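A.B. asks: Structure for this input, please:
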Amino acid sequence: MNELVSKTPIEPAHPEIGIVTFDVPIKGGRLLYVDPGDHSITSWTLPTADQGTGLDKVRKRIKLFS
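C.D. replies: Numbers count the residues shown, from 1 in each chain. Predicted structure coming up:
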C-alpha cells in the first residue's frame, strides 16, 4: 500500500517501513480512505470474523514505535 500522508514514497526493496492502522467500530463492510492531497480513494474489504493471532507480533512491534 502506498503511503497516506508521507512526502517520501515507500518503495519496494528500500529500508523504509510504512504502517497504517485504522480502528473500525464493527467487523465486515468496507474501509474507504480518501487522500486529502489528491482526493484519490483506496478501499479495503473488512473481514466479517476475527482473523486470529497472525498479526500479534506486528502489533507488538508497532507499540515499540508509538
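
A.B. asks: mind listing the strands for the chain?
C.D. replies: With DSSP state E as the criterion, the chain has strands at 30-34, 41-45.

A.B. asks: so which of the ones you listed comes closest to Asp56?
C.D. replies: Nearest of those to Asp56, taken as Cβ to Cβ: strand 41-45 at 19.9 Å. From N, CA and C alone the C-beta is placed, and that goes for glycine too.

A.B. asks: just checking, what packs against that closest one?
C.D. replies: Other helices and strands packing on strand 41-45, by 3 or more Cβ pairs under 8 Å, 6 or more residues apart in numbering; DSSP states H and E, are strand 30-34.

A.B. asks: can you list contacts of the strand it packs on?
C.D. replies: Leu4, Phe22, Val24, Ser40, Ile41, Thr42, Ser43, Trp44, Thr45, Leu46 (Cβ atoms under 8 Å, 6 or more residues apart in numbering).

A.B. asks: So what are the sheet partners of that strand and their directions?
C.D. replies: With DSSP bridges as the test, strand 30-34 is paired with strand 41-45 (antiparallel).

A.B. asks: so for the partner strand, what's the average pLDDT?
C.D. replies: Averaging pLDDT along strand 41-45 gives 88.

A.B. asks: could I get the strands of the chain as a markdown table with mean neighbour count and distance to Lys60?
C.D. replies: Shown next, in a markdown table, are the strands of the chain (neighbours: other Cβ atoms under 10 Å; distance: least, Cβ to Cβ, whole Å):
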| stretch | mean neighbour count | distance to Lys60 |
| --- | --- | --- |
| strand 30-34 | 11 | 23 |
| strand 41-45 | 11 | 22 |
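
A.B. asks: Save the contacts of strand 30-34 as JSON lines, and put in distance to Leu64 too.
C.D. replies: Listed next are those as JSON lines, based on distance: Cβ to Cβ, whole Å:
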{"residue": "Leu4", "distance to Leu64": "21"}
{"residue": "Phe22", "distance to Leu64": "19"}
{"residue": "Val24", "distance to Leu64": "23"}
{"residue": "Ser40", "distance to Leu64": "31"}
{"residue": "Ile41", "distance to Leu64": "31"}
{"residue": "Thr42", "distance to Leu64": "26"}
{"residue": "Ser43", "distance to Leu64": "29"}
{"residue": "Trp44", "distance to Leu64": "25"}
{"residue": "Thr45", "distance to Leu64": "29"}
{"residue": "Leu46", "distance to Leu64": "26"}
